[in-house]
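S.K.: The sequence and its predicted three-dimensional model are supplied below.
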Amino acid sequence: MRDWDPAPPATPSPRASPRRSSHSIDVVLFTPRGRQLAVLCVRAADPRAREHWQLPSDRTEGDESLESAARRVVRAASGLDPAWIEQVGAFADGLAHPAGAELSVAFVAVIPSSADERAAGEHAWFSVSEPPLLPARHRAMLEAGVGALRTRVDYAPIAFHLLPPQFTLSELQRMYELLLGRRLHKASFRRALAAARLVEATEEWRSEGRGRPAQFYRFAPRTRSGARRAARAVRFDLL
């Protein structure tokens with residue numbers, strides 16, 4: 001009877017690189033710039049491309065969730081975590097994508113204006129009213145992102161994430177006007193804000209020249225009974 005020869009130990013295989021998905025994650029990233037809403041664009045990798053700019057994008061890696069990937073894209077492009085982020089939808093329909101992805105999942109996100117501008121080299125901020133020439137799918141995403149942001153502002157407290165902890169009511173109104181892309185009537189805005197019960201006055205005031213000092217407020221949503229409630233925003237259908 002032949003002696004049994006054990007098989008040689010298996011040679012460890014080299015560590016596999018993270019599995020990357022076939023779909024792209026694209027982010028329409030907004031921030032206030034002065035009195036305008038700006039979108040972040042990155043320079044196209046191919047200098048011969050007709051569209052010199054595109055939206056930040058990547059692919060999911062391994063078991064990474066869609067939102068985790070989108071947050072990673074925001075951090076890589078801006079250096080910050082998003083103050084607010086939400087999925088917009090999926091895009092395909094034959095629209096060209098710079099990375100050749102057949103399917104793209106788009107997110108809309110915002111970061112404060114105090115963020116690292118990254119306005120030189122490979123990153124630049126553009127007014128949403130005058131964006132650069134973008135690939136077809138990114139143009140569709142930008143349009144959808146602006147629409148989604150202005151819809152969400154009506155019930156999500158996005159404006160408060162873009163202001164310091166204490167702010168005047170005038171500053172809050174200007175932020176809402178910037179996000180909505182339209183002017184708001186002062187008295188109507190303050191009535192709607194009071195009805196939403198989202199802010200409370202502080203003991204701090206700021207002198208504004210010869211006029212009446214402006215009182216500071218903070219975001220503090222409450223129910224009628226006084227308990228804190230789920231965050232929401234001003235109902236603009238009341239204006």
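M.R.: Happy to help now that I have it.

S.K.: end to end, how far does stretch 113-130 reach?
M.R.: Stretch 113-130 stretches 18 Å from its first residue to its last (CA to CA, to the nearest Å).

S.K.: Show me what the mean pLDDT comes to for that stretch.
M.R.: When pLDDT is averaged over stretch 113-130, the result is 76.

S.K.: which parts of the longest helix seen in the chain are buried?
M.R.: Ranked by residue count and defined by DSSP state H, the top helix of the chain is helix 136-152. For helix 136-152, the buried set under the neighbour-count rule, 16 or more other CB atoms under 10 Å, comprises 137-142, 144-146, 148-150, 152. Glycine gets a C-beta too; all of them are placed from N, C-alpha and C.

S.K.: Specify which member of those residues is nearest to residue 110.
M.R.: Among the buried residues of helix 136-152, residue 149 lies closest to residue 110 (CB to CB), at 7.4 Å.

S.K.: need the contact list for the closest one.
M.R.: Taking CB atoms under 8 Å, 6 or more residues apart in numbering, we find residue 149 in contact with 30, 108, 110, 158, 179.

S.K.: And the pLDDT at it?
M.R.: On the pLDDT scale, residue 149 gets 96.

S.K.: quick one: it from residue 125, how far?
M.R.: 15 Å (CB to CB, to the nearest Å).

S.K.: same check, this time on residue 215
M.R.: Note on residue 215: its distance to residue 125, by CB to CB, is 32 Å.

S.K.: What of residue 219?
M.R.: Distance from residue 219 to residue 125, counting by CB to CB: 26 Å.

S.K.: Need the residues that contact stretch 204-218.
M.R.: Residues external to stretch 204-218 that are found in contact with it (CB under 8 Å, 6+ apart): 165-170, 172, 199-202.

S.K.: how does it look with 6 Å?
M.R.: With contact meaning CB atoms under 6 Å, 6 or more residues apart in numbering, stretch 204-218 is reached by 165-166, 168, 199, 201-202.

S.K.: Can you pull up the most central residue in the chain?
M.R.: Centroid check for the chain by CA atoms, centre = their mean gives residue 109 as the closest residue, at 0.9 Å.

S.K.: Sticking with that residue, tell me its helix or strand.
M.R.: Assigned by DSSP states H and E, residue 109 falls within strand 104-110.

S.K.: got the CA coordinates for that strand in PDB?
M.R.: C-alpha atoms of strand 104-110 as PDB (Å, rounded to 0.1, in the frame of the first residue of the first chain):
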ATOM      1  CA  SER A 104     -25.400  56.600 -13.000                       C
ATOM      2  CA  VAL A 105     -26.900  57.300  -9.600                       C
ATOM      3  CA  ALA A 106     -27.000  61.000  -8.900                       C
ATOM      4  CA  PHE A 107     -27.000  62.700  -5.500                       C
ATOM      5  CA  VAL A 108     -27.600  66.300  -4.500                       C
ATOM      6  CA  ALA A 109     -25.600  67.700  -1.600                       C
ATOM      7  CA  VAL A 110     -24.700  71.100   0.000                       C
END
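
S.K.: can you state the direction angle for it and helix 136-152?
M.R.: When axes from the mean of the first three to the mean of the last three CA atoms, to 10 degrees is applied, the directions of strand 104-110 and helix 136-152 differ by 40 degrees.

S.K.: Tell me which strands strand 104-110 pairs with, and in which orientation.
M.R.: Sheet pairing of strand 104-110 (DSSP bridges) gives strand 20-33 (parallel), strand 84-91 (antiparallel).

S.K.: Present those as JSON lines; the columns should include distance to residue 72 and mean pLDDT.
M.R.: Compiled in JSON lines, the strands paired with strand 104-110 are given as follows (distance: least, CB to CB, whole Å; pLDDT from 0 to 100):
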{"stretch": "strand 20-33", "distance to residue 72": "8", "mean pLDDT": "88"}
{"stretch": "strand 84-91", "distance to residue 72": "11", "mean pLDDT": "95"}
